[in-house]
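S.K.: turn this into a model:
(2 chains)
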There are 2 protein chains.
Amino acid sequence: MIDARVADLLSRMTLTEKVGQLNQRLCGWRAWRRTGKGFAATEELLAEARRFGGIGAVYGLQRADAWSGQGWETGVRADEAAELTATIQQTIVAESRLGIPALFVEEVPHGHQALDGTVLPVALAVASTWDPDLYEEACRAVAAEVQARGVHVALVSTLDVLRDPRWGRAEETFGEDPWLASAFTTAAVRGMQHNGKVAAVLKHAAGQGATVGGRNWAATELGWRELAEIHLPPVRAAVEAGAAGLMAAYSEVEGLPVAANRRLLTEIIRHQMGFPGLVMADGTALDRLLRMTGDPVAAAALALRSGVDLSLWDEVYPHLGEAIERGLASEEDLDQAVARVLSLKFRLGLFDSPRASLGTENLRRESAALSGRIAASAITLLHDREGILPLRAHRIAVLGPHADTLEHALGDYTAPQPADLGPTIAQALNAMSTVPGSDIATADGSGIPEAVALARAADVAVVCLGGSSARDSTTTFDTNGAARSGSNTSQMTAGEGVDLARLELGRGQRALLSQVAATGTPVVAVVVQGRPHVLGEVLDLAGACLSTFYPGPALGETVADVLLGRREPTGRLPVSLPREAASLPVHYNHRDHDWAGYLDAPPGPLLPFGAGLGTGELILSAPRLSHDHVRLADLRAGRTITCDVSVRNDGSTASSTVVQLYLRRITASIWPRTRELRGFRRVTVPAGGATTVVFPIGAAELADAEQHLEAGAVELQTGVSSADLTSVRLHIQSD
Amino acid sequence: MIDARVADLLSRMTLTEKVGQLNQRLCGWRAWRRTGKGFAATEELLAEARRFGGIGAVYGLQRADAWSGQGWETGVRADEAAELTATIQQTIVAESRLGIPALFVEEVPHGHQALDGTVLPVALAVASTWDPDLYEEACRAVAAEVQARGVHVALVSTLDVLRDPRWGRAEETFGEDPWLASAFTTAAVRGMQHNGKVAAVLKHAAGQGATVGGRNWAATELGWRELAEIHLPPVRAAVEAGAAGLMAAYSEVEGLPVAANRRLLTEIIRHQMGFPGLVMADGTALDRLLRMTGDPVAAAALALRSGVDLSLWDEVYPHLGEAIERGLASEEDLDQAVARVLSLKFRLGLFDSPRASLGTENLRRESAALSGRIAASAITLLHDREGILPLRAHRIAVLGPHADTLEHALGDYTAPQPADLGPTIAQALNAMSTVPGSDIATADGSGIPEAVALARAADVAVVCLGGSSARDSTTTFDTNGAARSGSNTSQMTAGEGVDLARLELGRGQRALLSQVAATGTPVVAVVVQGRPHVLGEVLDLAGACLSTFYPGPALGETVADVLLGRREPTGRLPVSLPREAASLPVHYNHRDHDWAGYLDAPPGPLLPFGAGLGTGELILSAPRLSHDHVRLADLRAGRTITCDVSVRNDGSTASSTVVQLYLRRITASIWPRTRELRGFRRVTVPAGGATTVVFPIGAAELADAEQHLEAGAVELQTGVSSADLTSVRLHIQSD
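M.R.: Numbering: from 1, shown residues only, chains lettered A, B, ... in the order given. I've put the predicted structure just below:
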């Protein structure tokens, strides 16, 4: 039905009109202006619509942040959004001979980056919950919010797998593991697309979490196998979940940027994985192809032939018509891309009568609650060596640059927030006293003397350290909106464009912690971060340490709940914590080699993937298999066996943990990794009770990244982190 | 002729005899014992020869070092070697029904690792000369030496390209650049094989210089393109130069260890490159395949099918017969491998009458002189900020752990040396005083007070710092002879098995330098190293700084010559010096991205690839092309144009430099690297004179790693380092 409508429309379009459908050149905030009583299209939008007789998509009509320059005084409020989008859509349709509306695309990496948009915790925090169901629920709520604001396409960060924590965009990933990232990717797609009215375009396919040196938009040196085993599983999960679109990564695979990589986009993702959806370029990524082609026409042809359907901000895709006319790409390729764009428009109902405008207030209340639940669930207890928790002291000094602000806990891609966003840690703890003590990014520790004095006067010092991806009015930007590292990036130590070599907390913060600890007052460190930092010193100096990746507005309440014992800490690390940058990389799932460590640094991480403490007394059994052997043919036919683990609670309060299942290949035709996550389950066990976790073991768990099964021995390993496991052996028998 | 003899022999061999020809299981030093008047085979050798009715090859009959346990009291002297090898060969031939002799294989990574063997500077020092002709001459001399000692096969380190300086085997590489490494690989093959009597087996193919984290025998994550562009050019150079053999690297490509990687060994190296020679496994590498197969028979089949001809120390290749009988590999594959072994034996003359025994004393004198010339040529002046050089002071204090010993300047894979090896730096400088001051590896700086006192009393302090790959009696070893890092590795900070995370000089050394510098006495730092260390602090504290990668016995003389102004420093860095490990990697030839640096570290190295100062006043012209365009068809037909650079000497003494030519691709179908070395020439210009360097520019210079030429614009860039260049543009026109 849709196919027929698409074919019909396509048959009536001119070349220019087709090219227009593949263009998403505008920055949406420049597409409208306020009139006395509402909104109108700008000349820029009109010119663009007239140039091509329509527009494929408009990015960021509602985006608000330092780069777009949209804030509370100028930007689009939730209650204005429906009107804005309707007005702009009418203008575009009116300029289109065939009445084709535009897709409205918005940044929704962790909530909608717009005024009044709910801020979710960043992906790295989401992954710390090990609870994809909760995330799916949050994505449903956010989708309802953006739908009500007239948005059609949400750009969501799910696909990058973090292999080098120096990368500034670490926070936008679900961590280092492909299985975990896949589970959350599936949840994102299901949640965002739950009613078919919002399309998710997932960022970014593929490999960008492994660029050389963790450098933003640098090359990768990855081979296809590493790509397949680590970076493509979330892409496959997205495809299987029915994601409407994927955004092509800036980075290269095998010397070709993804936007010019036909093997990856077309042969692997479209043909092998069967992806029918839209491939969108990243911002200005097609302009960068000029480094290869020297010429925008050739660049346009290269991207189209490779499999890019829709541009973003570049001056390349306007040249598509010329590329077709010169014979550098075929009209068939063009038509396919246009068909994908049109098909999405039909499926989302853009050609149907306009949606009723909805209020978002109730929706936002629900999203905000879910954001808080994720934040609460993500807090990870790294240690409580001195048994400080729960805090029973009355005189609490809350110190550090995260102590009394939420500004730095929101992550990159966040819109300006209201003043009453929520209580800070100091407020939520009813702190006796609070002071930042130091800058986040710099060596400035001018507030340390005051902090030390406050610590001395307190029974306990909660020292709130970490990073920041907060852009502000002093931040400068690259042409694609990334922060320009090396220039003044205000307090940013993370975020797009802000890569960090040493992974250390700022010098001022380190001085603050050590001087506060030297007072002898018990110290709890709370680390609020956008990437895994080097925390050895923090763990040494603090009697207890919590970590939370940017949790969003609920920082204060959720940290207070854990510190005061109102909630058990339930987060688990989705990424290994490195000892120091010099010994990178430290993934748990490297290929299995007997290597003793550096002369000056032991092998392995400071804290392993999957780690995190609860406060209860849970005891796991060894894993038990329903069968100790299984036949290849049965696996191929869909048979699963089970691996059970019992969890007993010997304590006097209910307690939660995340039971993790890993596969260790004993024999394999490819050099095996140490282990590979193959299942996980959050369980809560009542005091004195017990429960059993049952993991299915079938083709999905036993196959390799290319879905091959092979005969041989494997171990199933279960436990509460990638480094705390017991094993049972399974024989896979050949036919 | 040889083919016919091989075929004839092969047709008469049993399966067991064939398997025997592919085995190199023994450690040679356990194959012989001393009798009253000479040598005899041990039971171990006899058992091995009888087990298979012959032996393919015997490794290390003459190896002497801490691992083999052979030293001056027990080991094989030069004047005994011919007798030993003759005796052992007679035994083996006698045990072979068909009278097939064994190949005698020795470590010759930088000179023969045997008593009385000449020690050449390590490969990283050799590369610092940018003078392959000199190295070829040295290899000829070393080949003559080993030939006279009855050696047939020399294992030479040339193929690993250093992409991560944390790797302990950095010293065994020609640095980070494929073109430079290729030039020296060609020189090694030509030199070692100059008379056809010694075969070079080059270590290692391929990719081992890029293992994850610089970890010894870890995986690489390299794709085929990165492998082709960076790691395979030296292999291709080796094949084109006629190398007899290649050793398969421990590391993996695309998840398969090279010894199990048919695509690399057979499809790429044999079929595409046309390599007809022998592929040898690395030590115990085939045993490691059990991590995949779980079974030595399957491992043997896997390696044979992949393209490994000859084993090393493993317990896998003895199972080849079983593998054939079980049908896991074909007898055709087996016969091919045996034919390669036999063919080499015929070509080297093993079936001919025994060679006359030669004395090696004159040969050694020649090799030693060449070793000294390389050492002299390799010394690299990093800066002379304070104009300290040449030293004119009479009162020179020579301090530091390299000050008065040659022990740590010899590199890994070095045999015990005579007591009168040569003058130390202190001796060669006629130092007024000398003291080590600190340990090399540890924080021990107990000698610092004395060093400071000596510096105070001197006009200048020469502080001799660096690393060490010196094994001693306290070193412990892995099964393959690598040092076991993490256990007591004595003073080792480098060498096989000793990977270093932070790349810093030992803490004691750093304290020594800073305290000596604080005396106010002018300081010259001499850094003797096996890998590029982080030297920012050294460059800051020292008024002048020389670097030399382990230069061998001539350390003292050659450093003194430069310090005293008797010789201009002529070395150039074959590898970028990193600022710190946290900002790795820092190759000059990464893919070209506009990246501004880490928030906490600038982009780029401390000192760039190709850098190094002379003391003269040479002025380079801009490059001039003979033609500003060239047609693809002409290039394919072998046409070359030229790129000229004039070098003028405005000074009052003759001076040398290395003129370097780089290619920068302006357009390309693969994302271009910043630049790629495409030529270099050492020139010496008399005072007031001038000379012109003429670089040919043809298909070899312009093609990509897969030998493809494409139309488009390129720049030719010339200068005296990879960061000090001027450009001219060339258009390659399509046909």
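
S.K.: tell me the contacts of the closest residue to A:Val586 other than its chain neighbours?
M.R.: Nearest in space to A:Val586, with sequence neighbours left out and distances taken as Cβ to Cβ, 6 or more residues apart in numbering or on different chains, is A:Pro605 at 4.2 Å. Yep, even glycine has a C-beta here, placed from its N, CA and C like the rest. Listed by Cβ atoms under 8 Å, 6 or more residues apart in numbering or on different chains, the contact partners of A:Pro605 are A:576-579, A:586, A:588.

S.K.: also A:Ala470?
M.R.: Per Cβ under 8 Å, 6+ apart, neighbours of A:Ala470: A:407-408, A:410, A:414, A:490-492, A:495.

S.K.: which of these has the weakest pLDDT?
M.R.: The lowest pLDDT within the contacts of A:Ala470 belongs to A:Ser490, with 73.

S.K.: now that residue: how far from B:Arg484?
M.R.: Applying Cβ to Cβ, to the nearest Å, the value for A:Ser490 to B:Arg484 is 48 Å.

S.K.: one step back: out of the contacts of A:Pro605, grab the one that's most surrounded.
M.R.: In terms of neighbours by other Cβ atoms under 10 Å in any protein chain shown, those top out with A:Ser576 at 28 neighbours.

S.K.: doesn't A:Pro608 make contact with it?
M.R.: Yes. Counting by Cβ atoms under 8 Å, A:Pro608 is a contact partner of A:Ser576 at 5.7 Å.

S.K.: ok and the residue in the stretch 301-450 of chain A nearest chain B?
M.R.: Here the stretch 301-450 of chain A gets closest to chain B at one residue, A:Ala441, 7.4 Å apart by Cβ to the nearest Cβ.

S.K.: what is the end-to-end distance of stretch A:194-207?
M.R.: Its start and end residues considered, stretch A:194-207 measures 27 Å (Cα to Cα, to the nearest Å).

S.K.: how about it and chain B, touching?
M.R.: No. Stretch A:194-207 stays clear of chain B (Cβ under 8 Å from any Cβ of the partner chain), getting no nearer than 10.0 Å.

S.K.: for that stretch, the distance to its chain's centre please.
M.R.: How far stretch A:194-207 lies from its chain's middle: 12 Å, per Cα atoms, centre = their mean, to the nearest Å.

S.K.: contacts for the helix or strand in which A:Met247 is found?
M.R.: Taking DSSP states H and E as the definition, A:Met247 sits inside strand A:245-248. Outside strand A:245-248, the residues within contact range by Cβ under 8 Å, 6+ apart are A:153, A:155, A:159, A:199-205, A:235, A:238, A:257-259, A:261, A:265, A:269, A:275, A:277-282, A:285, A:308, A:344.

S.K.: re the thing from before, check what pLDDT the residue nearest to A:Val586 gets.
M.R.: What the model reports as pLDDT for A:Pro605 is 97.

S.K.: in three-state terms, label it for me.
M.R.: coil (DSSP: H, G, I helix; E, B strand; the rest coil).

S.K.: and it, how close does it get to A:Val534?
M.R.: From A:Pro605 to A:Val534 the distance is 10 Å (Cβ to Cβ).

S.K.: between those two, which contacts overlap?
M.R.: With Cβ under 8 Å, 6+ apart as the test, A:Pro605 and A:Val534 both reach A:577-579.

S.K.: closest to chain B out of these?
M.R.: For these, the nearest to chain B is A:Arg579 (8.7 Å; Cβ to the nearest Cβ).

S.K.: what's the closest non-adjacent residue to that closest one?
M.R.: Nearest non-adjacent residue to A:Arg579 (Cβ to Cβ, 6+ apart): A:Leu606, at 4.7 Å.

S.K.: what about the one you found, how many residues nearby?
M.R.: 19.
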